[in-house]
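Visitor: have a look at this prediction, sequence included:
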Amino acid sequence: MSLTGTLTFDSTAPWQMSRHVSLRDESFGALAYHHVNRRLVFLKSKPLVAIVRDLANFPTAREAIAAHVDEAEVARYEKALSSLVPSDIINGR
């Protein structure tokens, strides 16, 4: 994964939170800080935080999402994860 965000998010692929990222829990969700590129990203829901933390424990991102939200919300969280790729908050594994 390049830091320019050239990788396209595919929910049927395996993903993980970048090893350069730390999360700080907040009332709205969490702050994600990338220690290399110095980007600060707001994760604006607790389910999204749980999914990001849990990505590496599932064979695909879609399975991680399905473990935390109802089927009706899967597309919304796929879009949210997709937005985290350019800042390298999550990356493929």
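Guide: Received it, and whenever you're ready, just let me know what you need. Numbering: from 1, shown residues only.
Visitor: so the residue of the chain most remote from its centre, which state does it fall into?
Guide: Within the chain, Ala72 marks the point farthest from the mean C-alpha position, 18.6 Å out by C-alpha atoms, centre = their mean. Secondary structure assignment for Ala72 (DSSP: H, G, I helix; E, B strand; the rest coil): helix.
Visitor: the chain: helices as residue ranges?
Guide: 46-54, 61-66, 74-84 (DSSP state H).
Visitor: now do the first one against helix 74-84, angle only.
Guide: Using axes from the mean of the first three to the mean of the last three C-alpha atoms, to 10 degrees, the interaxial angle of helix 46-54 with respect to helix 74-84 works out to 60 degrees.
Visitor: what's helix 46-54 in contact with?
Guide: Outside helix 46-54, the residues that touch it by C-beta atoms under 8 Å, 6 or more residues apart in numbering are 17, 23, 25, 29-30, 32, 43, 64-65, 67-69, 73, 77, 80-81, 84, 89-90. The C-beta positions use only the backbone N, C-alpha and C, and glycine is treated the same way.
Visitor: 10 Å instead, please
Guide: 15-18, 21, 23, 25-32, 41-43, 45, 58, 61, 63-70, 73, 76-78, 80-81, 84, 89-90 (C-beta atoms under 10 Å, 6 or more residues apart in numbering).
Visitor: same check on the second one?
Guide: Identification of contacts with helix 61-66 by C-beta under 10 Å, 6+ apart yields 9-16, 47-48, 50-58, 60, 71, 73-78, 80-82, 90, 92.
Visitor: buried only: go through the residues you listed for me.
Guide: Among these, the ones that count as buried by 16 or more other C-beta atoms under 10 Å are 9, 11, 15-16, 47-48, 50-55, 58, 77-78, 80-81, 90.
Visitor: report the beta-bridge partners for the nearest residue to Gly29 once chain neighbours are set aside.
Guide: Spatial nearest neighbour of Gly29, excluding adjacent residues (C-beta to C-beta, 6 or more residues apart in numbering): Leu43 at 4.3 Å. Beta bridges link Leu43 to Ala30, judged by DSSP bridges.
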